[in-house]
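**Student:** Provided below for reference: sequence and predicted model.
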Amino acid sequence: MEGSRHAYLGTGKSWIVSVGGSGIPRLQELSYVETAAQAVAEGKTFEQIRVAVVDRAARHAWETDTVGAFNASKWEKKRADGQEYVHSTADVLKELMRFRWIERRVLPSTRISASEHAHATFTMTAAGREWTELVAHRPAEGFNALAGALMEAHPQFEGYLRLVGARPDSAANHLTIPLMRGEGNPGHDDEAYLAAFTANTVEAVRKGDLGWSATPDVIGQTLRDYVSRAQRRTAERALLEEKREEKRAAKYGARKEKAAKTEAGNPASPIGRRRQLAALCEEAAVRLAFSAAGCSVDYISHELLRRWTRFLGLANFSYYAPGPSALRLWATSTVTGTGTPADFRRTVGPEAERAAMQAVPRMWNAERGSAAQEMYRPVWRIRAAVCWDRRINDGVFDAALTAAARGEMCNIGFRVHLDEASHGRIPSSTRPLVMLTPPGHPRIYHVMRIDRADAREEVLVHE
């Protein structure tokens, strides 16, 4: 439970709601706020709200599926299981209470206890009803109001915007966190890898232009302490699980053999250990950077904040922008004020789209200099380069690329050719280009090529 000034307890331990804390709620999608508010306005019960949240999650999974992996039956099972998405539903209702958009009342604290409150209903306040009407009829204004409410309720949300450059008092227009992906040759030794990662971070900070700074001693101590604590917790959990397995084996007979894991997925393998350590080092670096910049957040909160601000069109991020390996987070807007009076100025529209396309040849040639001489480039890589260069959101680039590919953007000096062929593995934090055909069916393009405006086959290259 988050820290709180107000906690409401039921007759037993099954029910508790805390709405006074300011920590970032564990909401994977901000669209759940709209879904839950609409359900409350319609007088739906907790169970019906849970189903509505599951349906919204399923719709998001279907809309973002680019590999044909969407499984409708899996979502039907989640819909029918009253213990699925209980925490997400409780979290979004808590958030509505924090905003004072619904009246406070008890909520389930565990999946098992959800059945005890399945028929509970919630009372919407006048402010909540006003927002629900606003987001239903004028979505852009509604989500601006939601962003203002998030800034008022969560100092970390406002702090994130400030650090990435979206606030008038921002000291920089980005926050960059140096990483190390396949660089150097520290071998399989954890100590050597951590030392190499620390040295890489110290050197990046020395060069500057990260949006934050720290001394070498602070960097080394912070990274080492975080990784050591995490590894210790992992070892303790593994020992506890081993003891549980021994008890089960003693009670039920021979221990069941677990399915063999691939080397990459097995934490005990060299590759698995390296990936696990790299992930811990990234978490430690994120904590270090945000703390040094003046806004302490945990790694999961940072993941949610970067997802929310991308959804709201306020900021963007990429692991694959040009330059040394790093996680780069940058503003795509200027936000003045908080709450309802907040003003949002996003870098969007025809001018931003044309500027994005004008940057493509330069980014194309930079990519060519560091990759094999293929005629095609992955869309996601060119998108990352252009969005970082122009400080724009992915949606602006995708709209511009779509218009250029359809011949709707004139006088840019080149033509765009898209292809559905895959180009290796697509990183999980990226996506291909999805275009809707005239009947409204999505087509997925993984790679792109640019040609001179006066030649259909010659690739545009600026020497």
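**Tutor:** Yes, it's here.
**Student:** going forward, measure contacts between C-alpha atoms and count neighbours the same way
**Tutor:** OK.
**Student:** contacting residues around residue 61?
**Tutor:** Residue 61 makes contact with residue 70 under the criterion CA atoms under 8 Å, 6 or more residues apart in numbering.
**Student:** start the count at 46 instead of 1 going forward.
**Tutor:** New numbering, starting at 46: the last item is residue 106.
**Student:** dihedrals phi and psi, the residue nearest the centre of the chain?
**Tutor:** Of all residues in the chain, the one closest to the mean position by CA atoms, centre = their mean is residue 352, 3.2 Å from it. Main-chain dihedrals, residue 352, degrees, to the nearest 10: phi -70, psi -50.
**Student:** tell me how far it lies from residue 438.
**Tutor:** Distance, residue 352 to residue 438, using CA to CA, to the nearest Å: 12 Å.
**Student:** again with residue 144
**Tutor:** Applying CA to CA to residue 144 and residue 438 gives a distance of 27 Å.
**Student:** dump stretch 121-137 to PDB, keeping only the CA atoms.
**Tutor:** Output in PDB follows, covering the C-alpha atoms of stretch 121-137 (Å, rounded to 0.1, in the frame of the first residue of the first chain):
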ATOM      1  CA  GLU A 121     -12.000 -14.200 -23.000                       C
ATOM      2  CA  LYS A 122     -10.600 -16.300 -20.100                       C
ATOM      3  CA  LYS A 123      -9.300 -13.100 -18.400                       C
ATOM      4  CA  ARG A 124     -12.700 -11.500 -18.900                       C
ATOM      5  CA  ALA A 125     -14.500 -14.500 -17.200                       C
ATOM      6  CA  ASP A 126     -12.000 -14.800 -14.300                       C
ATOM      7  CA  GLY A 127     -13.100 -12.500 -11.600                       C
ATOM      8  CA  GLN A 128      -9.500 -12.400 -10.200                       C
ATOM      9  CA  GLU A 129      -7.900 -11.100 -13.400                       C
ATOM     10  CA  TYR A 130      -7.100  -7.300 -13.600                       C
ATOM     11  CA  VAL A 131      -8.300  -6.700 -10.000                       C
ATOM     12  CA  HIS A 132      -5.200  -4.700  -9.100                       C
ATOM     13  CA  SER A 133      -5.400  -2.600 -12.300                       C
ATOM     14  CA  THR A 134      -9.100  -1.900 -11.600                       C
ATOM     15  CA  ALA A 135      -8.500  -1.000  -8.000                       C
ATOM     16  CA  ASP A 136      -5.500   1.200  -9.000                       C
ATOM     17  CA  VAL A 137      -7.500   3.100 -11.600                       C
END
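**Student:** can you verify residue 380 is assigned to a strand?
**Tutor:** Yes. Per DSSP: H, G, I helix; E, B strand; the rest coil, residue 380 lies within a strand segment.
**Student:** so residue 280: helix, strand or coil?
**Tutor:** Taking three-state DSSP, the label given to residue 280 is helix.
**Student:** ok, it to residue 345 distance?
**Tutor:** For residue 280, the distance to residue 345 - CA to CA - is 21 Å.
**Student:** and what of residue 152?
**Tutor:** 23 Å.
**Student:** of the two, who's got more company?
**Tutor:** Shown here are residue 152 and residue 345; by other CA atoms under 10 Å, residue 152 has more neighbours (28 against 11).
**Student:** report pLDDT for that one.
**Tutor:** For residue 152, the pLDDT comes out at 94.
**Student:** residue 443 against residue 478, yeah?
**Tutor:** Yes. Using CA atoms under 8 Å, residue 443 is in contact with residue 478, at 6.7 Å.
**Student:** thinking again about what came up before, who's more crowded, residue 144 and residue 438?
**Tutor:** Neighbours per residue (other CA under 10 Å) separate residue 144 from residue 438, with residue 438 holding more: 30 against 18.
**Student:** pretty sure that one contacts residue 357?
**Tutor:** No. At 9.8 Å, residue 438 and residue 357 do not qualify as touching, with contact defined as CA under 8 Å.
**Student:** now do the helices in the stretch 246-395 of the chain.
**Tutor:** Along the stretch 246-395 of the chain, counting by DSSP state H, counting those that start in this stretch, helices occupy 261-297, 315-338, 344-356, 395-413.
**Student:** do you know which of these lies nearest residue 198?
**Tutor:** Closest approach to residue 198 among the helices of the stretch 246-395 of the chain (CA to CA): helix 344-356, 13.6 Å.
**Student:** now residue 357, nearest residue through space, not along the chain?
**Tutor:** The shortest distance from residue 357 to any non-neighbouring residue, by CA to CA, 6 or more residues apart in numbering, is to residue 188 (7.1 Å).
**Student:** distance of the one you found from residue 99?
**Tutor:** 21 Å.
**Student:** who has more neighbours out of the two?
**Tutor:** Taking other CA under 10 Å, residue 188 and residue 99 do not tie; residue 99 has more neighbours (24 against 20).
**Student:** what's the helix or strand for that one?
**Tutor:** Here residue 99 is covered by helix 91-109, with elements defined by DSSP states H and E.
**Student:** same check, this time on residue 460
**Tutor:** strand 459-464.
**Student:** packing partners for the next helix or strand after that strand?
**Tutor:** Counting by DSSP H and E, the next helix or strand C-terminal to strand 459-464 is strand 478-481. When contacts are defined as 3 or more CA pairs under 8 Å, 6 or more residues apart in numbering; DSSP states H and E, strand 478-481 sits against strand 487-490.
**Student:** residues contacting the strand it packs on, please?
**Tutor:** Contacts to strand 487-490, defined as CA under 8 Å, 6+ apart, come from residues 111, 424, 463-466, 477-482.
**Student:** now those: which count as buried?
**Tutor:** Using 16 or more other CA atoms under 10 Å as the burial test, the contacts of strand 487-490 include 111, 424, 463-464, 477-480 as buried.
**Student:** any weak-confidence spans in the stretch 146-295 of the chain?
**Tutor:** Filtered on pLDDT under 70, the stretch 146-295 of the chain yields the residue ranges 227-233.
**Student:** bridged to residue 487, which residues?
**Tutor:** residue 481 (DSSP bridges).
**Student:** list the contacts for the residue nearest to the centre of the chain?
**Tutor:** Contacts of residue 352 (CA under 8 Å, 6+ apart): 73-74.
**Student:** distance to residue 243 for the helices of the stretch 246-395 of the chain - can I get that in JSON lines?
**Tutor:** Listed next are those as JSON lines, based on distance: least, CA to CA, whole Å:
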{"stretch": "helix 261-297", "distance to residue 243": "6"}
{"stretch": "helix 315-338", "distance to residue 243": "9"}
{"stretch": "helix 344-356", "distance to residue 243": "18"}
{"stretch": "helix 395-413", "distance to residue 243": "28"}
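**Student:** so which of those helices comes closest to residue 92?
**Tutor:** helix 344-356 (25.1 Å).
**Student:** the residue nearest to residue 357 and residue 92: what is the separation?
**Tutor:** Taking CA to CA as the measure, residue 188 falls 25 Å from residue 92.
**Student:** now stretch 487-504: average pLDDT?
**Tutor:** 76.
**Student:** which residue comes closest to residue 466 once chain neighbours are left out?
**Tutor:** Nearest one to residue 466, counting by CA to CA, 6+ apart, is residue 491 at 6.1 Å.
**Student:** so the one you found touches residue 465, yeah?
**Tutor:** Yes. Counting by CA under 8 Å, residue 491 does reach residue 465; the two are 5.4 Å apart.
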